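*Asks:* output the structure for:
(chains A and B)
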Amino acid sequence: MGKTMFDKIWDQHVVKEIPGGRQVIYIDQHFIHEVTSPQAFAGMRKRGINVFRKRKTLATADHNVPTLNQNQPIKEPLSKKQVDTLIQNCKDFDVELYGLGHERQGIVHVIGPELGLTKPGKTIVCGDSHTSTHGAFGAIAFGIGTSQVEQVLSTQCLILQKPKRMLINVNGELSKGTTAKDIILYIISKMTVGGCTGFFVEYAGDTIERLSMEARMTVCNMSIEMGARGGLIAPDQITYNYLKGRVFSPDEKEFNKAISYWESLKTDANAEFDKVINIDATDIEPMITYGTNPGMGIKITEAIPHINSDSFSKSLSYMNFNPGENMIGKQIQNVFIGSCTNARIEDLREVAKFIKGKQKSLQVKAMIVPGSKQVELQARQEGLDKIFKQAGFELREAGCSACLSMNEDKIPSGEYCVSTSNRNFEGRQGPGARTILVSPLMAAAAAIEGKIVDVRKYLN
Amino acid sequence: MDKFIRLKSTAVPIPVEDIDTDQIIPARFLKATTRDGFGSNLFRDWRFDNNGNSIHDFVLNNNIYKGQILIAGRNFGCGSSREHAAWALGDYGFRVIISSFFADIFKSNALNNGILPLQVEDKILHLIFKEIEKNASAEFEVDLERQTLSSEEIGDVSFEIDSYKKKCLLNGYDDIDFLISIRSEIEEFEKIQETY
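*Replies:* From the prediction side, this is the model:
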């Protein structure tokens, strides 16, 4: 019987079997950031051990950094301490750091791919659940806890139970105004927030194959929101074109050899999955969430469902929505365009193209936070910053920002934020804040009108 | 890591499904650089309002419920990978979390911190909630060696745990101790590994 891509990559990384079924898995690439690494380094100091493979870990500061005046010292003392601790740890343990002020700094899941560190066939981990993003390249990438960060720093390995395999096929033409973000919000709404727990997902089908690398990253990014350990997509010419010439990509001599290895990783025709889901892309519309987990999503033309459960009622009461209501027309106060889900250059271009010549609603605060320094620079070089400014959108500096609001970028209690990020949990964007997840295009349209709209009315 | 062998305790019920780690410990409390002290902000925004006043109808503010066991609705610990959630639960005093389903990363983080994520069937979970509703001082006994959870209402219910993780908990072993002990095997693996 043939093997799935997931099995091929996993099996190539088994160092040792452990009695009881777990395996020691070798990790090729490790990313760390300021929030989930300090306790790992502290543990290593206590044990008196060094980083095992220094060049296989890369650090950046993203979760807790300000998105204004990054050239000045961080004002918030606890954030400053955390970022300073990362700097000190990277110095003491000789780990490469692209910190604040560095031209390669940015959200860890944005910089890994743009630097060419994320490659097909690799095992990639980071103390952050959205590490699944890197799966877009045909890598096994997943989030880990801080104890595991310490394990990888110390041994480049983890002791893991192999997840089950799920195939999600998406076929058919996407309708106008429907994007990669809508594909994944649609899938999560079908699978529910825990529906893929215990699985590693491969996304396939002609709709996925037509997506750009950045769009594929958006899809894989949110795999964790339905409980999946990760999601991956077979590498193809789109992947190779993206990788060519990046800082850490194989050089020209090696590149063709690399491609033939990467091609060998693809799922065999006769491979079997534990579960197969088929999605018809023509059924997908611009999506929107109405509740407090990413599985609570509907098509923009649908009404909020009636579900008889205490957890559901608690969620709607937090959002101040009622079953049976439509989302269209609801007033909003904030728009956040950013995060590891949607802060890449294509996202910014899409927003700029839509808002060019328009003005944001006076009642809306609209913030755009690029995923990395390089994205920010590119946006400026293309003149997108001027378009944002003219439309009344504020372009900030790179970081995770209001996706999780660890820094100053918080949404006031009770206000709504239409957000391109990945989580609408209670208080995610600040205590009492109410998050509505959408695509960058839908977020841009909401900012212009000051209320939820179906972006397609502008596109016909 | 602390050993976990057996525990008999009353329990605290939170019958909410899909409790994510942002609720267990909100992001703004992740700024610490040590593992200690997270318990005071456990379920912060469910325990306290924006002015820091206790929200009386939340279970952790209700004195009749206490103990080292937390009982929670299906899909506990989904969302962010923050191990701070496990640290907060442990620091608050919980050693066992009982639910009918756990998110993967949370489960792994709990086990790495000597906290037992104990999975039971939905109908057993329902019975447990009923039992506590009837009697807040109902006691539950967890025996890891025998892999059983017992109480007056549910009797003896067996639960699954893989043999490696069971051994780690019973002996207080960390994964890292084992991994460091096989560093030479890891070096051998690196010699044969092909990467680009």
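
*Asks:* put the alpha carbons of stretch A:400-420 into PDB.
*Replies:* Provided in PDB are the C-alpha atoms of stretch A:400-420 (Å, rounded to 0.1, in the frame of the first residue of the first chain):
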ATOM      1  CA  CYS A 400       1.200  39.900  16.400                       C
ATOM      2  CA  SER A 401      -0.500  42.900  17.700                       C
ATOM      3  CA  ALA A 402      -4.300  42.800  18.200                       C
ATOM      4  CA  CYS A 403      -4.600  39.200  17.300                       C
ATOM      5  CA  LEU A 404      -3.900  38.400  20.900                       C
ATOM      6  CA  SER A 405      -3.500  41.900  22.400                       C
ATOM      7  CA  MET A 406      -0.500  41.100  24.600                       C
ATOM      8  CA  ASN A 407       0.800  44.600  23.700                       C
ATOM      9  CA  GLU A 408      -1.000  47.900  23.800                       C
ATOM     10  CA  ASP A 409      -3.100  47.100  20.700                       C
ATOM     11  CA  LYS A 410      -6.300  46.200  22.500                       C
ATOM     12  CA  ILE A 411     -10.000  46.500  21.500                       C
ATOM     13  CA  PRO A 412     -12.100  48.300  24.200                       C
ATOM     14  CA  SER A 413     -14.500  46.200  26.200                       C
ATOM     15  CA  GLY A 414     -17.900  45.700  24.500                       C
ATOM     16  CA  GLU A 415     -16.700  46.900  21.100                       C
ATOM     17  CA  TYR A 416     -16.800  44.800  18.000                       C
ATOM     18  CA  CYS A 417     -13.600  44.200  16.000                       C
ATOM     19  CA  VAL A 418     -13.800  42.800  12.500                       C
ATOM     20  CA  SER A 419     -10.600  40.900  12.300                       C
ATOM     21  CA  THR A 420      -8.500  39.000   9.800                       C
END
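
*Asks:* what parts of the stretch 51-200 of chain A come near chain B?
*Replies:* Within the stretch 51-200 of chain A, the residues that sit near chain B (Cβ under 8 Å from any Cβ of the partner chain) are A:52, A:63-64, A:78-79, A:81-82, A:85, A:119, A:121-122, A:127-129, A:143-148, A:150-151, A:154-159, A:161, A:163, A:193-194, A:197-198. In short, each C-beta sits where N, CA and C put it, glycine included.

*Asks:* and these, which of them are in helices?
*Replies:* A:78-79, A:81-82, A:85, A:146-148, A:150-151, A:154-155 (DSSP state H).

*Asks:* longest helix in chain B, by residue count?
*Replies:* helix B:122-134.

*Asks:* next, count neighbours for the closest residue to A:Lys54 other than its chain neighbours.
*Replies:* Nearest non-adjacent residue to A:Lys54, counting by Cβ to Cβ, 6 or more residues apart in numbering or on different chains: A:Asp94, 5.1 Å away. A:Asp94 has 11 neighbouring residues, counting by other Cβ atoms under 10 Å in any protein chain shown.

*Asks:* can you check A:Gly194 too?
*Replies:* Neighbour count of A:Gly194, defined by other Cβ under 10 Å: 23.

*Asks:* check B:Asn135 too.
*Replies:* Around B:Asn135 there are 13 other residues, counting by other Cβ under 10 Å.

*Asks:* can you tell me the SS state at the residue most central in space within chain B?
*Replies:* Averaging the C-alpha coordinates of chain B gives a centre point, and the residue nearest to it by Cα atoms, centre = their mean is B:Ile97 (4.1 Å). Of the three states, B:Ile97 takes strand under DSSP: H, G, I helix; E, B strand; the rest coil.

*Asks:* contacts only, for it.
*Replies:* By Cβ atoms under 8 Å, 6 or more residues apart in numbering or on different chains, the contact set of B:Ile97 is B:69-72, B:76-77, B:89, B:110, B:115-118.

*Asks:* kindly report the same for A:Ile87.
*Replies:* Taking Cβ under 8 Å, 6+ apart, one finds A:97, A:99 in contact with A:Ile87.

*Asks:* name the helix or strand for it, please.
*Replies:* helix A:77-93 (DSSP states H and E).

*Asks:* what separates that helix from the chain centre, distance-wise?
*Replies:* Per Cα atoms, centre = their mean, to the nearest Å, the displacement of helix A:77-93 from the mean C-alpha position of its chain is 24 Å.
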